[in-house]
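In: Fold the following and give me the result.
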Amino acid sequence: MSTKKLWSFPLAAAALLVLLQSAPGSAGAISPTLAPGAHATGGVSSEGREEMQTTQDLYNLRLTFAEARSGAYLAGVTVTIEPEGRGTSFGPFADCGPLFFMVLSPGVYRINATYGGVARSTTVRIGKGATRATLYWPEV
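Out: Next comes the predicted model:
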């Protein structure tokens, strides 16, 4: 039986920051800022999804991976993110999903994702606020 990694280091660090800021007697509402490229993936279990949702406001790109007909979440996706024009690509990130969150600088990016040998891609524009996208695959 294989196990899925539900926590990445950036996600655990972000969760700790959120907990410390909400603790009684904390010194105010300082919003932590993560550097571009910081990412988190998980959400395989309902607890994992809750943990990801707790820190989602730290990330401005929020991807979901799912089956087209059923909407069932997918894990095990490989993701690469490429900026339009000049810039450094991010990834590939292996074994992602069903949720993948990342911090990106404002701009246009191409999301390339592969699951079960089938590639999907989409273009997103990162600006103020969060950008969400869902990539769908046929049932395997």
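
In: Tell me which residues touch the closest residue to S70 other than its chain neighbours, please.
Out: Once flanking residues are discounted, S70 sits nearest to E139: 6.6 Å by C-beta to C-beta, 6 or more residues apart in numbering. For the C-beta atoms, the positions are set from N, CA and C on the backbone; glycine is no exception. Shown in contact with E139 (C-beta atoms under 8 Å, 6 or more residues apart in numbering): 67-70.

In: Select from the residues you listed the one having the most neighbours.
Out: When those are compared by neighbour count (other C-beta atoms under 10 Å), E67 ends up highest, at 15 neighbours.

In: Which pLDDT value goes with that residue?
Out: Looking at E67, its pLDDT reads 96.

In: likewise the one 5 residues further on?
Out: A72 carries a pLDDT value of 95.

In: now do G91
Out: For G91, the pLDDT comes out at 96.

In: lowest-confidence helix or strand of this structure?
Out: The weakest-scoring helix or strand in the chain, judged by mean pLDDT, DSSP states H and E, is helix 9-22 (a mean of 45).

In: one step back: narrow the contacts of E139 to those in strands?
Out: Judged by DSSP state E, the contacts of E139 include E67 as members of strands.

In: Just put the contacts of E139 in TSV and tack on distance to T114.
Out: TSV is the format used below for the contacts of E139 (distance: C-beta to C-beta, whole Å):
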residue	distance to T114
E67	15
A68	15
R69	19
S70	20
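
In: now, which of the contacts of E139 sits nearest M102?
Out: E67 (22.3 Å; C-beta to C-beta).

In: quick one: the nearest residue to the closest one once chain neighbours are set aside from A94, how far?
Out: Spatial nearest neighbour of E67, chain neighbours left out: E139 (5.1 Å); criterion: C-beta to C-beta, 6+ apart. Distance of E139 to A94, given as C-beta to C-beta, to the nearest Å: 22 Å.

In: quick one: low-confidence ranges for the protein?
Out: 1-32, 140 (pLDDT under 70).

In: Try it again at 90.
Out: 1-34, 85-88, 139-140 (pLDDT under 90).
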